[in-house]
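Visitor: I would like the atomic coordinates for the input below:
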Amino acid sequence: MDSNNKYITLLSKVLTKGASLQEKEQLEEWANEDSAQKAFVEETTEAWNLSKNYAEQLSVDTNSAWEKFEAKLENTPAKPTLFRSLASYWKAAVIIGLVATSLIWIASENITAVSPVLEIVETGAEEQKELTLPDGSVVLLNENSSLAYAKDFAVREVRLKGEAFFEVTKQNGQSFEIKTNTTKTRVLGTSFNVRAYDKSPVEVAVITGKVAVESIEEGTENTVVLLPNEGVTYDPIARKMEKSQQATNNSVAWKTQELVFDNMALGKVIETLERYFEVEIESDPKILNCHYTGTFKEPKLDEVFNTIAFTFPTDLEVKKIDEKYILIGQGCE
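Guide: Predicted structure coming up:
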């Protein structure tokens, strides 16, 4: 029962909104180890939510409730149904007693069940910020982004909205996690880029080291491991991860201020230019499979277009109509 008591206490902290992100994950991992444990967590949570409606009407004997609860847990068969009838006052009392008992234990151990104090760094349009985290890891935050983390950084975990480049330091084998709304990226020590703007797919590109990326949306179990020059895109609508080789490091061009095209199809070149310069580009479909090679440091869009047109294997014309660029030319076949 000692092991069960640990996870019962974790569950009580989750139910009372006092659990850390790490504790929530510990409880989730324990629940996923066994179908009986998973059923227990799910039904207890449901019973707790129901018990809120009864709380003011009940006079709870927490000791009695706890004893009944432990006896029930010890005698649970392989596929338990601890709270099959949720309309019972007694079952609601058990849950209230469970949480009350756990909170008393937490207080006796001098553990404060409160949310950690967060540090939040934000950037606006055309603004970048570099920051050093308490563990020595360095983050470069791209425009219109935010990074949140606990000030004490007892757990190496951050939450990202937008885009950032990470250079993570190794620290006694402790993992470092970056969470977005739909994914979790876990590393030990490496450099990589995470792009997670709202209403867009999440993209992770690895420069050095090894990175594990997984989807955390309910009902998904996608996980990929990335090595240097590999990337992955997670589409939250399709709930699908697609791994790819990164021929160049244009995923971090916003940081390096350099665009590199190595025999790249013009369709991919256009996609890169649209993202980097935040413009709309249309082209004649028959030139999309033409390939281009070139490097641009501190690029300017007009200069990039002029250079591509001059060195392109066939005639290429670039027109600008309002705020849209149009590429017209002959195919390469």
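Visitor: can you report phi and psi for the closest residue to S283 other than its chain neighbours?
Guide: Excluding the flanking residues, the one nearest S283 by Cβ to Cβ, 6 or more residues apart in numbering is L327, at 3.9 Å. No exception for glycine: its C-beta is placed from N, CA and C like everyone else's. Here is the backbone geometry of L327 (degrees, to the nearest 10): phi -100, psi 130.
Visitor: in terms of helices and strands, where is A238?
Guide: Assigned by DSSP states H and E, A238 belongs to neither a helix nor a strand.
Visitor: if you could redo that for T44, that was the one I meant.
Guide: helix 35-51.
Visitor: if you average the pLDDT over that helix, what comes out?
Guide: On average, the pLDDT along helix 35-51 is 71.
Visitor: what stretches of the stretch 151-300 of the chain score poorly on pLDDT?
Guide: 247 (pLDDT under 70).
Visitor: now do the helices in it.
Guide: Counting by DSSP state H, counting those that start in this stretch, one finds helices in the stretch 151-300 of the chain at the ranges 253-256, 266-277.
Visitor: ok, which of those comes nearest K297?
Guide: Smallest distance to K297 across those (Cβ to Cβ): 8.8 Å, for helix 253-256.
Visitor: who touches the closest one?
Guide: Q128, L140, N142, E163, F165, N193, N249, L259, T272, Y276 (Cβ atoms under 8 Å, 6 or more residues apart in numbering).
Visitor: still on that earlier bit, what's the closest of the helices of the stretch 151-300 of the chain to I207?
Guide: Closest of those to I207 is helix 253-256, at 10.0 Å (criterion: Cβ to Cβ).
Visitor: would you mark the buried spots in that closest one?
Guide: Neighbour-count burial for helix 253-256, counted by 16 or more other Cβ atoms under 10 Å, picks out A253, W254, K255.
Visitor: any chance of those residues in TSV, with distance to V206 too?
Guide: Listed next are those as TSV, based on distance: Cβ to Cβ, whole Å:
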residue	distance to V206
A253	16
W254	16
K255	14
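Visitor: picking that back up, next up, the contacts around the residue nearest to S283.
Guide: When contacts are counted by Cβ under 8 Å, 6+ apart, L327 touches L266, I270, I281, E282, S283, D284, I287, L316, E317, V318.
Visitor: how close does the fifth one sit to R275?
Guide: Pointing back at S283 there. Distance, S283 to R275, by Cβ to Cβ, to the nearest Å: 15 Å.
Visitor: next: the fourth one.
Guide: Spatial separation of E282 from R275 under the definition Cβ to Cβ is 15 Å.
Visitor: who's more crowded, S283 and R275?
Guide: S283 (19 against 14; other Cβ atoms under 10 Å).
Visitor: surely the more buried one meets L266?
Guide: Yes. Between S283 and L266 a contact is recorded at 7.0 Å, counting by Cβ atoms under 8 Å.
Visitor: on the pLDDT front, check N63 for me.
Guide: Residue-level pLDDT assigned to N63 equals 51.
Visitor: packing partners for the lengthiest strand in the chain?
Guide: In the chain, with assignment by DSSP state E, the single longest strand is strand 157-167. Judged by 3 or more Cβ pairs under 8 Å, 6 or more residues apart in numbering; DSSP states H and E, strand 157-167 is in contact with strand 138-141, strand 146-150, strand 176-179, strand 191-196.
Visitor: TSV for the ones you listed, including distance to K297 and mean neighbour count?
Guide: TSV is the format used below for the helices and strands packed on strand 157-167 (distance: least, Cβ to Cβ, whole Å; neighbours: other Cβ atoms under 10 Å):
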stretch	distance to K297	mean neighbour count
strand 138-141	18	19
strand 146-150	28	19
strand 176-179	29	21
strand 191-196	19	24
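Visitor: may I see the ones you listed organised as JSON lines, with distance to S35 added?
Guide: As requested, the helices and strands packed on strand 157-167 are exported to JSON lines (distance: least, Cβ to Cβ, whole Å):
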{"stretch": "strand 138-141", "distance to S35": "40"}
{"stretch": "strand 146-150", "distance to S35": "33"}
{"stretch": "strand 176-179", "distance to S35": "27"}
{"stretch": "strand 191-196", "distance to S35": "33"}
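Visitor: right, and the ones you listed - which one's nearest E33?
Guide: Of the helices and strands packed on strand 157-167, the one closest to E33 (Cβ to Cβ) turns out to be strand 176-179, at 20.2 Å.
Visitor: which residues does that closest one contact?
Guide: The set of residues that contact strand 176-179 without belonging to it, under Cβ under 8 Å, 6+ apart, is 21, 135, 137, 156-160, 164, 166, 168, 184-189, 194, 216.
Visitor: among the residues you listed, which ones are buried?
Guide: 137, 156-160, 164, 166, 168, 184-189, 194.
Visitor: picking up where we left off before, of all the helices of the stretch 151-300 of the chain, which lies closest to E122?
Guide: helix 253-256 (16.8 Å).
Visitor: T293 and T233, how far apart?
Guide: Counting by Cβ to Cβ, the separation of T293 from T233 is 24 Å.
Visitor: which one's more surrounded, those two?
Guide: Remark: of T293 and T233, T233 carries more neighbours, 17 against 11, as counted by other Cβ under 10 Å.
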